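*Asks:* Here you go, sequence then predicted model.
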Amino acid sequence: MIDKKYILATHVWNDGPSQALREYLIKKERDFIWIGHPLFYSNKILGSGYSVFVKGVEVKRRYFKPRNLIGPIKYVLEIMLNIVFALALKSDRDCVYIGYNNLNAFSGIILKKLGQVSKTIYYVIDYMPRRFNNKFLNYLYHKIDQFCVKYTDETWSLNEIAMNNARKKYFNFNAYQEGFSVQKEISMGFWKERIKLKEFDEINKKQIAFLGNISEGQGTQFVLKALPEVIKKIPDVKLVVIGSGEYLDTLKKLAVELNIQNNVEFTGFVKDLKDIEKILINSALAIAIYKEGNLETNLPYYTDPGKIKNYLGCGLPILLSIVPPIAKDLEKNNCGLIIGNNPLKISEKIIELFSNEAKLKFYRENVLIFKDQFDWENIFAEI
């Protein structure tokens, strides 16, 4: 990335691309302003606010108490706060503004019109055609998205082709027009230097990991239903489910019903990514079995799921569905296997890999070769 000053405006919940870029700018000792808004209301996290960094060191910060506001009021307030914070804190107008998702990017367009920033970037994280069930909110969301594609200088997408194909198919909007923002694909990544991998002989060769928001669409229930067959062949198999969500209690009840509770560990929400990586590093296999469902609401189809890069960074071969864009590349490079959500098929693949250490090691070694292209250090250095 060029040697300029930056403003990063983002919503905050789990670690993602905005936190990765913040860490990169800190490492490179850059000057920047971080503006954060909670994605969801919680009294356990900070409300909207900012941090000022000079040569990578935080020198000033201010965050408000979180407020449980209704959606439209929250969105308008956050757009205004981005502008107010930027105007109040910044004196150098030769500054790059990066807005994560359309509301934050919209603020950057206004700031550029006011002459307060020199360049605007729209970083698209979670695009999908039916973002809201409310038709008016969904219409407004996509109109703002199209406005940002048109008037920012660059659009960075996790999955450029799928997102722009969806804009064309569902909204007859062509992002590749003269005068519109330059389109770039910036994939999810991981921090290679932070992850200290174990040797193959040191990991738990019977441990499977799942990481993510616990929802029905994540497909973890299919893995639970596969475990009884796996246990018959591999009694000491263990599934570690990392995360929390609306479907967690359902999964816990399912584990009891299937009498597999001794083979399943539910960690709940783990705040620190480093603690998550410790669990993944000790595992032998990872799961990313998304339900295929309606493409209008299938978020992983249009993005680049972060957990897959977490898995790769920790050396894990992956059993996954066809939904994420990277699935075919993983199978082609012998880093994973594409499977459906049939529990019997899932159990067969787990047994196949866990019963054959040479094959499991073969997949792991391919992951170790394939993964380095997704090191955040390399991704940001090439932008």
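*Replies:* Perfect, I can see it now.
*Asks:* how about the nearest residue to H142 once chain neighbours are set aside, what does it touch?
*Replies:* Once flanking residues are discounted, H142 sits nearest to F171: 5.7 Å by CB to CB, 6 or more residues apart in numbering. Using the backbone N, CA and C atoms, a C-beta is placed for each residue, glycine as well. By CB atoms under 8 Å, 6 or more residues apart in numbering, F171 lies in contact with P129, H142, Q146.
*Asks:* Which positions in the strand or helix carrying G108 come out as buried?
*Replies:* Here G108 is covered by helix 102-113, with elements defined by DSSP states H and E. For helix 102-113, burial by neighbour count (16 or more other CB atoms under 10 Å) applies to N102, L103, N104, A105, F106, S107, G108, I109, I110, L111, K112.
*Asks:* Let me have the residues you listed in JSON lines, extended by pLDDT.
*Replies:* Listed next are the buried residues of helix 102-113 as JSON lines, based on pLDDT from 0 to 100:
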{"residue": "N102", "pLDDT": "95"}
{"residue": "L103", "pLDDT": "95"}
{"residue": "N104", "pLDDT": "97"}
{"residue": "A105", "pLDDT": "98"}
{"residue": "F106", "pLDDT": "98"}
{"residue": "S107", "pLDDT": "97"}
{"residue": "G108", "pLDDT": "97"}
{"residue": "I109", "pLDDT": "97"}
{"residue": "I110", "pLDDT": "97"}
{"residue": "L111", "pLDDT": "96"}
{"residue": "K112", "pLDDT": "96"}
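*Asks:* Out of those residues, the closest to L77 would be?
*Replies:* Within the buried residues of helix 102-113, distances to L77 taken as CB to CB reach their minimum at L103, with 10.3 Å.
*Asks:* is it true that the closest one touches F147?
*Replies:* No - applying CB atoms under 8 Å as the test, L103 and F147 come out as separate, 11.0 Å apart.
*Asks:* Give me the spatial nearest neighbour of V117, chain neighbours excluded.
*Replies:* V117 sits nearest to Y97 (CB to CB, 6+ apart), 4.3 Å away.
*Asks:* for stretch 84-99, which positions count as buried?
*Replies:* F85, A86, K90, C95, V96, Y97, I98, G99.
*Asks:* The helix or strand where the fifth one lies vs helix 102-113, what angle?
*Replies:* Think V96. Per DSSP H and E: V96 is located in strand 95-100. Here strand 95-100 runs at an angle of 160 degrees relative to helix 102-113 (axes from the mean of the first three to the mean of the last three CA atoms, to 10 degrees).
*Asks:* who does strand 95-100 pair up with?
*Replies:* Next to strand 95-100 in the sheet, as set by DSSP bridges, lie strand 5-12 (parallel), strand 119-124 (parallel).
*Asks:* for the last one, which positions count as buried?
*Replies:* It stands for strand 119-124. Going by 16+ other CB under 10 Å, strand 119-124 has these buried residues: K119, T120, I121, Y122, Y123, V124.
*Asks:* rewinding a little: show the pLDDT at the residue nearest to V117.
*Replies:* pLDDT for Y97: 96.
*Asks:* Tell me which residues touch it, please.
*Replies:* With the criterion set at CB under 8 Å, 6+ apart, Y97 makes contact with Y6, I7, A9, A86, S107, G108, L111, K112, V117, K119, T120, I121.
*Asks:* So which of these is the closest to M80?
*Replies:* Nearest member of those to M80, counting by CB to CB, is S107, at 8.1 Å.
*Asks:* sorry, back to before: take the buried residues of strand 119-124 and lay them out in a markdown table including pLDDT and distance to K28.
*Replies:* Below are those laid out as a markdown table (pLDDT from 0 to 100; distance: CB to CB, whole Å):
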| residue | pLDDT | distance to K28 |
| --- | --- | --- |
| K119 | 95 | 18 |
| T120 | 97 | 21 |
| I121 | 97 | 17 |
| Y122 | 98 | 22 |
| Y123 | 97 | 18 |
| V124 | 95 | 24 |
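*Asks:* Put together a markdown table for those, with distance to V241 on each row.
*Replies:* Formatted as a markdown table, the buried residues of strand 119-124 follow (distance: CB to CB, whole Å):
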| residue | distance to V241 |
| --- | --- |
| K119 | 42 |
| T120 | 40 |
| I121 | 35 |
| Y122 | 34 |
| Y123 | 29 |
| V124 | 29 |
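*Asks:* Looks like A166 contacts Y127 (just checking).
*Replies:* Yes - assessed by CB under 8 Å, A166 is found in contact with Y127 at 7.2 Å.
*Asks:* which neighbours do these two share?
*Replies:* Between them, A166 and Y127 share the contacting residues Y302, judged by CB under 8 Å, 6+ apart.
*Asks:* ok, which stretches of the protein are strands?
*Replies:* Taking DSSP state E, the strands of the chain run over residues 5-12, 32-38, 49-54, 57-63, 95-100, 119-124, 154-157, 182-185, 207-211, 238-242, 264-268, 285-288, 318-320, 336-338.
*Asks:* closest to A358 out of these?
*Replies:* Closest among the strands of the chain, once you apply CB to CB, is strand 285-288, at 14.8 Å.
*Asks:* and the closest one, average pLDDT?
*Replies:* For strand 285-288, the per-residue pLDDT averages 96.
*Asks:* Could you pull out the buried residues of it?
*Replies:* Within strand 285-288, the residues that count as buried by 16+ other CB under 10 Å are L285, A286, I287, A288.
*Asks:* So what would you say the end-to-end distance of stretch 233-244 is?
*Replies:* 29 Å (CA to CA, to the nearest Å).
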